[in-house]
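K.L.:
What follows is a predicted structure for the sequence shown.
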Amino acid sequence: MTGLRQTGRAGLEFLGSLQHFSSGQLRPVASRDFYADPDMEALGDAPLGDRSRGELEAILGRAKATAAKSQAFRFERFYQRLVAEDVYNRGIPAAEELRPSLKAMAETPVDMSQAGSLTLDPSLEQDDYYEGVEWHLMPGGWDGYDLAGPMFMLGVGPMIFSRGGYAAVEVDADISQQRMQVLGELPRRDYRRVYEAGCGGVPTIIAIRKSFPEAEIVASDLSTHMLKAGHRVAGMLKLNVHLKQEDCRRTSEPDNHYDAVVSYAVFHEMDDQAALACLREMFRIMAPGGDIVISDPGPVRACTPFQAVLYDWETEHREEPWFTASVLRSLPQMMREIGYVDVQEYPLEQGPYPWITRGSKPV
Ligand SMILES: C[S@@+](CC[C@H](N)C(=O)[O-])C[C@H]1O[C@@H](n2cnc3c(N)ncnc32)[C@H](O)[C@@H]1O
C-alpha cells in the first residue's frame, strides 16, 4: 500500500505528538489551576448533576471565565486548535504529493462480491444544520476534499486520531475498541436486521458486522464521499452492508422493520430539532421489541465543571456548531416522550465519554 512521503508523515506525526503532549501533560496542569480558583474549588470537581438548563449555562459561563485565566489552559487550547487546523494544512499537501498513486489506489479493482450495495441520491437536500459546516475545520466539510479518505487512512487516522486526546476522546483511548464496547451494550445477540444512522466511512459497521455476523445491515449517511469510501472498505472487508445516501430523519425504510438501531458520534452534530426528528424516525422503523443504542459525548450534567468547559470549547473552536446544544439536551427525555421504553443512560468508562443512551420500542 502507498505510504506518505517522509515530510508529510513527519508533519502529521509531529501534530499527533503535540496533541498528545497538550492533552496528556498540559491539561492536568490547567485542571489544577482551574480548581485552585476559589469559585471552582467551592463548586468541586464532581459531575454537575441534575440542574436546570439555566443553572448549567450559568455555571458554564463562570467556569469558562475561570479556565481562561490559566496560562496552561490557554496553551493547551492553542495547541488543540493548532493541531485541528494543521491536520488539513499538512494532511492535504501530504496527500497531494501522492495524488496520482492515491487515485490509482482508489481505482484499483476490489472484489465487491461481498460488499453489499451502495445507493447514492445526488438530489438529496442537505439541511440547515449541516449545510456549509466545515466539520472539525475540514475545508469544504465532509465532502470538501476528494482525497480525504486516503488522507485519513494513511496519515491523520494512525498518526493523530489513534493517539486520542481530542474533543471528548481521552488521551490514548482506542475508539475502535470503544465501538465494539458500544455494540456490546445492545441487550441481545440474535438481531436479524440492524440499521445504523449516520455511518460515515463505515468504522462502526465493522464493529456491527463483528458483533452480529449473520445480520442484515443497512446504514445511511448524507456524505457522498464517505459512502463511496465506505462501500469500497465494505468490499475489502466483506462487510455485506447496504449503504444508502439518505437522511436518517426521513428514510425510505419500512415501518416496524429493524430489531436493532445503532448511532455512533452523530447526535452531537445535530441541532435539537434534527435530534428529535432522527429519534422519531428510528422509532418508526424499529420493530416492536427492537433496541436502540446511541453513543456520543455525555451530557453536561455528567461532566465535571472543567470537562464542561472543554466540551463547550468544541462548539466555537473546532467547528462543531451543535456540540454545546447536544450536551445540554436530554436524549432520554426526548426518547420517553416519543414512546421508547426502558430508556437508560450511563458512561461506558469513567467520565462522560463514551456515553451510552439506550432504549427499546414497546412490544
Ligand atoms: C462524526 S461522523 C460519525 C460517523 C460514524 N458513525 C462513525 O462511527 O465514525 C457523523 C456522521 O453523521 C452523518 N450525518 C449527520 N447528519 C445526518 C443525517 N441527518 N442523516 C444521515 N447522516 C447524517 C455525517 O454525514 C457524518 O458522516
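P.N.:
Yes, it's here. Residues are numbered from 1 along each chain as shown.

K.L.:
Tell me the residues of the stretch 1-150 of the chain that contact the ligand?
P.N.:
Counting by C-beta under 6 Å from any ligand atom, the positions of the stretch 1-150 of the chain adjacent to the ligand are 130, 142. (Each C-beta comes from the backbone N, C-alpha and C, glycine too.)

K.L.:
now do the stretch 151-300 of the chain
P.N.:
Counting by C-beta under 6 Å from any ligand atom, the residues of the stretch 151-300 of the chain near the ligand are 198-200, 203-204, 220-223, 226, 247-249, 264-266, 269-270.

K.L.:
Tell me the helix or strand right after the host helix or strand of residue 11.
P.N.:
Element membership for residue 11 (DSSP states H and E) is helix 6-21. Downstream of helix 6-21, the first helix or strand assigned by DSSP H and E is helix 27-36.

K.L.:
List the buried residues in that following helix.
P.N.:
27, 30, 31, 33, 34, 35 (16 or more other C-beta atoms under 10 Å).

K.L.:
The last one and residue 73 touch, don't they?
P.N.:
No - in this structure, residue 35 sits apart from residue 73 without contact. The criterion is C-beta atoms under 8 Å, and the distance is 11.8 Å.

K.L.:
could you pull out the helices for the stretch 51-200 of the chain?
P.N.:
53-67, 71-96, 99-107, 148-151, 157-159, 175-184 (DSSP state H, counting those that start in this stretch).

K.L.:
TSV for these, including distance to residue 312?
P.N.:
Formatted as TSV, the helices of the stretch 51-200 of the chain follow (distance: least, C-beta to C-beta, whole Å):
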stretch	distance to residue 312
helix 53-67	6
helix 71-96	11
helix 99-107	37
helix 148-151	27
helix 157-159	26
helix 175-184	21
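
K.L.:
any chance of those in TSV, plus mean neighbour count and mean pLDDT?
P.N.:
Below are the helices of the stretch 51-200 of the chain laid out as TSV (neighbours: other C-beta atoms under 10 Å; pLDDT from 0 to 100):
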stretch	mean neighbour count	mean pLDDT
helix 53-67	16	96
helix 71-96	19	96
helix 99-107	13	88
helix 148-151	24	88
helix 157-159	18	92
helix 175-184	18	94
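
K.L.:
so which of the ones you listed gets nearest residue 214?
P.N.:
helix 175-184 (14.3 Å; C-beta to C-beta).

K.L.:
contacting residues around the closest one?
P.N.:
161, 164, 169, 203-204, 206-208, 210-212, 262, 264, 293, 295, 348, 354, 356 (C-beta atoms under 8 Å, 6 or more residues apart in numbering).

K.L.:
List buried residues within the residues you listed.
P.N.:
161, 164, 169, 203-204, 206-208, 211-212, 262, 264, 293, 295, 348, 354, 356.

K.L.:
Please narrow the residues you listed to those residing in helices.
P.N.:
Those of those mapping onto helices are 203, 204, 206, 207, 208, 211, per DSSP state H.

K.L.:
quick one, what contacts the fourth one?
P.N.:
Right, residue 207. Here residue 207 is in contact with 176, 179, 180, 182, 183 (criterion: C-beta under 8 Å, 6+ apart).

K.L.:
so what secondary structure elements neighbour the helix or strand where residue 306 lies?
P.N.:
For residue 306, the element it lies in under DSSP H and E is helix 305-317. In terms of contacts (3 or more C-beta pairs under 8 Å, 6 or more residues apart in numbering; DSSP states H and E), helix 305-317 is packed against helix 27-36, helix 38-43, helix 53-67, helix 71-96, helix 323-328.

K.L.:
switch the cut-off to 7 Å
P.N.:
helix 53-67, helix 323-328 (3 or more C-beta pairs under 7 Å, 6 or more residues apart in numbering; DSSP states H and E).

K.L.:
Summarise which helices and strands the longest one is packed against.
P.N.:
If you count contacts as 3+ C-beta pairs under 7 Å, 6+ apart, helix 53-67 packs onto helix 27-36, helix 38-43, helix 305-317.

K.L.:
Next up, the contacts around the most centrally placed residue in the chain.
P.N.:
Among the residues of the chain, the one closest to the centroid is residue 265, at 2.8 Å (C-alpha atoms, centre = their mean). Counting by C-beta atoms under 7 Å, 6 or more residues apart in numbering, residue 265 touches 295, 296.

K.L.:
could you redo the last one with a cut-off of 10 Å?
P.N.:
Residues in contact with residue 265 (C-beta atoms under 10 Å, 6 or more residues apart in numbering) are 167-169, 175, 178-179, 182, 198, 200, 203-204, 294-297, 354.

K.L.:
where do the strands sit along the stretch 251-363 of the chain?
P.N.:
258-264, 286-296, 341-347, 355-360 (DSSP state E, counting those that start in this stretch).

K.L.:
Neighbouring strands of the shortest one in the sheet, and parallel or not?
P.N.:
Strand 355-360 has the following strand partners under DSSP bridges: strand 286-296 (antiparallel), strand 341-347 (antiparallel).

K.L.:
Please save the CA atoms from that strand in CSV.
P.N.:
Below are the C-alpha coordinates for strand 355-360, written out as CSV (Å, rounded to 0.1, in the frame of the first residue of the first chain):
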residue,chain,number,x,y,z
TRP,A,355,-21.7,7.8,26.9
ILE,A,356,-24.5,5.3,26.2
THR,A,357,-28.1,6.1,25.7
ARG,A,358,-30.3,3.1,25.0
GLY,A,359,-33.9,2.1,24.9
SER,A,360,-36.5,-0.1,23.2
